[in-house]
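1. Just a sequence and a predicted model for now, questions to come.
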Amino acid sequence: MVLSLIPVPSPLPRRRYPGDLGLVAPGRVFSLIELQAMARDGVLQQVYDACYLPVGRQVHTEHRAVAMSLQIPANLEGKLILGRYSAAWIYGIGFAPPRVTALIDHKRRAGALPPFNSLQVHEVTLGRFDTVFKAGVRVTTPLRTAVDLAFQPRPSSEEWPDPVAVLAELCADSSLSCPLPLVRRAVESMIRVPHRFKALERLSALAA
């Protein structure tokens with residue numbers, strides 16, 4: 001089976017992505033059951049949820065961004081930004097959270113989420129340079145992601161990543177250009193933000 005010749009179907013065909021990423025999702029060509037069978041047979045590798053890539057292809061940031069963005073419903077396209085745990089995972093840090101963590105600027109209206117969706121949406125204030133596009137998908141920058149994780153409370157469930165561990169790994173990755181001192185300066189500049197001192201304590205503990 002030559003998967004490189006197969007069109008890339010998508011459950012959300014509305015969005016266009018630059019280039020052919022080679023991702024395969026349930027749609028016109030294959031059903032989810034067929035894709036799962038091909039994954040068991042070693043033909044496909046799972047990227048996220050029902051989105052797959054042929055075995056042998058390296059999974060890049062853009063693959064993870066597109067795969068996770070397929071969870072965003074049509075009425076929220078263009079409004080939501082993948083952030084926090086989801087953004088960290090897109091950058092190759094930590095494991096994928098059990099629910100997609102998305103952000104929306106407080107100046108925009110989110111609209112209703114469909115029932116049984118896998119989104120966790122947070123209303124935030126976003127700066128002009130807090131987001132980037134990965135294959136057409138809007139994601140918080142590594143620096144903004146690190147700052148958000150500095151404030152992120154520890155989860156009560158082990159299904160979720162540890163924000164401190166993810167933050168440490170994110171800051172240690174030189175390719176992402178968000179070292180601890182830079183993250184600390186960013187948090188220090190955030191005047192009158194709740195839990196700022198706790199975030200600074202977390203960063204100090206990581207730097208010790």
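-> Cool, got the structure.
2. Look at the closest residue to P97 other than its chain neighbours and give its secondary structure.
-> Ranked by Cβ to Cβ, 6 or more residues apart in numbering and with sequence neighbours excluded, the top spatial neighbour of P97 is Y85, at 4.0 Å. To be clear about C-beta, it is placed using only N, CA and C from the backbone, and glycine gets the same treatment. Under the three-state scheme (DSSP: H, G, I helix; E, B strand; the rest coil), the conformation of Y85 reads as helix.
3. Y85 reaches I93, doesn't it?
-> No: with contacts counted by Cβ atoms under 8 Å, Y85 stays clear of I93, the gap being 9.3 Å.
4. show me what contacts E62?
-> The contact partners of E62, by Cβ atoms under 8 Å, 6 or more residues apart in numbering, come to 21, 134-135, 137.
5. re the thing from before, can you pull the contacts of the residue nearest to P97?
-> The contact partners of Y85, by Cβ under 8 Å, 6+ apart, come to 94, 96-97, 101, 149, 152, 160-161, 163, 166.
6. with these in mind, which one is nearest to V187?
-> Of all the contacts of Y85, the one with the least separation from V187 (Cβ to Cβ) is L149, at 10.8 Å.
7. nearest residue to the closest one other than its sequence neighbours?
-> Spatially, and ignoring its direct neighbours in sequence, L149 is nearest to L167 (4.2 Å; Cβ to Cβ, 6+ apart).
8. which residues touch the one you found?
-> Residues counted as contacts of L167 (Cβ under 8 Å, 6+ apart) are 146, 149-150, 183, 202, 206.
9. Find the helix or strand that it is a member of.
-> According to DSSP states H and E, L167 maps onto helix 163-172.
10. picking up where we left off before, so which of the contacts of E62 is the closest to S156?
-> When those are compared for distance to S156, the smallest value, 29.0 Å, is given by V137; criterion: Cβ to Cβ.
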